[in-house]
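1. everything below, folded, please.
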Amino acid sequence: MTAVDFAAFVDDLATLSGKAILPFFRTTMAAADKSRGGVFDPVTEADRAGEAAMRQMIKRTFPSHGIVGEEYGDERTDAEFVWVLDPIDGTKAFISGLPTWGTLIGLTRNGEPCYGMMHQPFTRERFAGDGGEAKWRGPTGERVLRSRTGVSLADATISCTTPRMFEGAELESFERVEKEARLARFGCDCYAYCMLAAGLIDVVIETSLKPYDIVALAPIIQGAGGVVTTWSGESPAKGGAVVAAGDPRLHEQVLRLLNA
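-> I've put the predicted structure just below:
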């Protein structure tokens, strides 16, 4: 199957999951806490409905493929192609009625991200990439995504979901970068990575990510000309501590500060 065929299938997955999720947005609904006494980690019926719909469609169309999902676990992770799904990245924003959430649909081949989409059905936006190219589609049309280059850290905008995700040495590392940057913005979840691909944010630094938090976003960032790795410079496919930058030289500078 060609990349174009996969892209068409991902579009269908996004449409299907959007139809399952969007009716719950900005409604009164219960949110269960998956943390079991830790930091609040909500899950809703919208999360479960979106992932269940995507899983059914994948299994029906590609029965030999694997699936990794936030809500329903892993299946056939040793397959050549594995789908990595986060039905609502930014559930805290979702239950607060804020539109900074999205459905992440990622595909790995032999363990490495090869295609990804972030779909926001409320704003009707789709960010997609295959590592070689990235595009945005929305209510006003379609355009190729290009990350911003030639920006020094002193002029850069950086982001993370919350600085409270860092502790100890990791917090010190993040603060070293934040001190050098022009502007820091928080609370954007997957949107921060997409805005990096769009050339509006320069660096995203996070930690404790799961594969479903980053696999779909990596091909979008790379397709736009950016770089995304772990803090040690390795593939972000397994999650962990991740840093993305629109400019490869800026990425190297940030890595040095994080590991100083």
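
2. any low-confidence regions in the stretch 51-200 of the chain?
-> For the stretch 51-200 of the chain, no stretch has pLDDT under 70.

3. quick check: Pro139 touching Pro121?
-> No: at 11.9 Å, Pro139 and Pro121 do not qualify as touching, with contact defined as CB atoms under 8 Å. The way it works is simple: take the backbone N, C-alpha and C, and place the C-beta from them, glycine included.

4. which of those two has more residues huddled nearby?
-> Shown here are Pro139 and Pro121; by other CB atoms under 10 Å, Pro121 has more neighbours (21 against 7).

5. where along the protein do the helices fall?
-> In the chain, the helices defined using DSSP state H lie at 3-21, 45-61, 91-95, 168-180, 190-197, 211-214, 218-223, 248-258.

6. so for Glu234, which of those sits nearest?
-> helix 248-258 (11.0 Å; CB to CB).

7. now find how far off-centre that closest one is within its chain.
-> Distance of helix 248-258 from its chain centroid, counting by CA atoms, centre = their mean, to the nearest Å, is 20 Å.

8. cool, and stretch 172-183?
-> Its chain's C-alpha centre and that of stretch 172-183 lie 22 Å apart, by CA atoms, centre = their mean.

9. equivalent analysis for stretch 72-91, please.
-> 13 Å.

10. could you number the chain from 43 rather than 1 from now on?
-> Happy to do that; since the first residue is 43 now, the last one works out to stretch 114-133.

11. then that stretch to PDB, C-alphas only?
-> Provided in PDB are the C-alpha atoms of stretch 114-133 (Å, rounded to 0.1, in the frame of the first residue of the first chain):
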ATOM      1  CA  TYR A 114      -7.500   0.000  25.100                       C
ATOM      2  CA  GLY A 115      -3.800  -1.100  25.200                       C
ATOM      3  CA  ASP A 116      -1.600  -2.800  22.800                       C
ATOM      4  CA  GLU A 117      -2.100  -5.500  20.100                       C
ATOM      5  CA  ARG A 118       0.400  -7.100  17.700                       C
ATOM      6  CA  THR A 119       3.200  -4.600  18.500                       C
ATOM      7  CA  ASP A 120       5.700  -6.800  16.600                       C
ATOM      8  CA  ALA A 121       3.900  -6.200  13.300                       C
ATOM      9  CA  GLU A 122       5.600  -4.400  10.500                       C
ATOM     10  CA  PHE A 123       2.900  -1.600  10.600                       C
ATOM     11  CA  VAL A 124       1.600  -0.500  14.000                       C
ATOM     12  CA  TRP A 125      -1.000   2.200  14.500                       C
ATOM     13  CA  VAL A 126      -0.500   4.500  17.500                       C
ATOM     14  CA  LEU A 127      -3.600   6.200  18.700                       C
ATOM     15  CA  ASP A 128      -4.500   9.000  21.200                       C
ATOM     16  CA  PRO A 129      -8.200   9.800  20.700                       C
ATOM     17  CA  ILE A 130      -8.000  13.000  22.700                       C
ATOM     18  CA  ASP A 131      -4.500  14.500  23.400                       C
ATOM     19  CA  GLY A 132      -5.400  17.200  25.800                       C
ATOM     20  CA  THR A 133      -8.300  15.700  27.700                       C
END
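
12. quick revisit: Serialize the helices of the chain to JSON lines and add fields for distance to Gly192 and mean neighbour count.
-> Listed next are the helices of the chain as JSON lines, based on distance: least, CB to CB, whole Å; neighbours: other CB atoms under 10 Å:
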{"stretch": "helix 45-63", "distance to Gly192": "30", "mean neighbour count": "17"}
{"stretch": "helix 87-103", "distance to Gly192": "39", "mean neighbour count": "19"}
{"stretch": "helix 133-137", "distance to Gly192": "32", "mean neighbour count": "22"}
{"stretch": "helix 210-222", "distance to Gly192": "17", "mean neighbour count": "15"}
{"stretch": "helix 232-239", "distance to Gly192": "15", "mean neighbour count": "27"}
{"stretch": "helix 253-256", "distance to Gly192": "25", "mean neighbour count": "25"}
{"stretch": "helix 260-265", "distance to Gly192": "17", "mean neighbour count": "28"}
{"stretch": "helix 290-300", "distance to Gly192": "9", "mean neighbour count": "18"}
